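Colleague: Show me how the following folds:
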Amino acid sequence: FARVLGWCRGAGLLAQIPAALAATFLFAYGGFSLVGWVSVALCMLTAGLAWLIPPARPPDADRNPSGPRAAPTGAEGESTRQVTAQNDEPDGYLAVLRAGIAEAAAHPAVRAAVLAVAMLTGLDAFDEYFALLASGWGVPTAMVPIATLGLPLAGAVGAALGGWANRMSTAALTVVFGCGVAALAAAAVADQPAGLVGVALFYGLYRMVLVVADTRLQESMTGSARATVTSMASLGSEGSALALYAAWAIAGLPLVVVLIAMVGAGLPRWLRGRIRQPAVHHR
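Modeller: The predicted structure is shown next:
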């Protein structure tokens, strides 16, 4: 799982490279206006492609080509109807939220993994500021996409190494993440275009640790609780992203580095080594 997840996320990051090259030429010919409208067109194209995706078919849809079976009768039929009604009843938002909190709270391993994924995923909001960092360090606006090409490339390499990194101990992962934070801090101190090298190193190591955290969350649970608990981690990541936005608004990169270091300090408790056995079962 870690290897496949890492390669998929790496491929997604590599897609930013042709986008950056295209943005460079578009900005040269039409400025921000042309870049913006092309972005809008691509978003509409993406929505159109998503619209064409066929709906998922029930698992048993093709297993009975001769037609539906007769409904069971008696006690068996009543039990079947009750189970079907329960499965068809939609869960409201608050009900799903309560279920996710209950599942995570009941199992310490899952709770720790949820916190790790939530805190680490929220830090990905930092990539919104890569262009601002480059511009603030003196890179001309027209060259910002080219100057920051190494950042998604480093992230893709780090994500692709997630399968290998999943064999590392929690202590080793914490040290790796700490090295990334140190590189980012050095970039903040340098305050010049060369600091993008430190940002790239941080981003690559961060992406590698993030794949491991996501993998260990999935290893800690099984059954019908998986989607609910994963959604809880996603909800928590929005909070950590808002904290990063606030840190940037208050003091820029130095405070962001402090926030990222605080997340790194929590990794030894949140990851707690590789989880061998599922901790959450069917609800």
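Colleague: Please make it C-alpha for all contacts and neighbour counts, starting now.
Modeller: Fine.
Colleague: How many residues are close by the nearest residue to residue 162 once chain neighbours are set aside?
Modeller: Nearest in space to residue 162, with sequence neighbours left out and distances taken as C-alpha to C-alpha, 6 or more residues apart in numbering, is residue 208 at 4.8 Å. When neighbours are counted by other C-alpha atoms under 10 Å, residue 208 registers 30.
Colleague: likewise residue 55?
Modeller: Residues near residue 55, counting by other C-alpha under 10 Å: 7.
Colleague: May I have the residues that are in contact with it?
Modeller: Not one residue lies near residue 55 by C-alpha atoms under 8 Å, 6 or more residues apart in numbering.
Colleague: Let's verify it: helix, strand, or coil?
Modeller: What DSSP: H, G, I helix; E, B strand; the rest coil gives for residue 55 is coil.
Colleague: what's the distance between the residue lying closest to residue 112 once chain neighbours are set aside and residue 3?
Modeller: Among residues not flanking residue 112 along the chain, residue 270 sits closest, at 4.4 Å (C-alpha to C-alpha, 6+ apart). When distance is defined by C-alpha to C-alpha, to the nearest Å, residue 270 is 21 Å away from residue 3.
Colleague: picking up where we left off before, so who does the residue nearest to residue 112 touch?
Modeller: Per C-alpha under 8 Å, 6+ apart, neighbours of residue 270: 112, 113, 115, 116.
Colleague: okay if I get those residues as CSV plus neighbour count?
Modeller: Formatted as CSV, the contacts of residue 270 follow (neighbours: other C-alpha atoms under 10 Å):
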residue, neighbour count
112, 23
113, 29
115, 24
116, 29
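Colleague: So which of those residues belong to helices?
Modeller: If you go by DSSP state H, the contacts of residue 270 have 112, 113, 115, 116 in helices.
Colleague: Can you convert those residues into CSV and add a column each for distance to residue 239?
Modeller: As requested, the ones in helices among the contacts of residue 270 are exported to CSV (distance: C-alpha to C-alpha, whole Å):
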residue, distance to residue 239
112, 16
113, 16
115, 11
116, 13
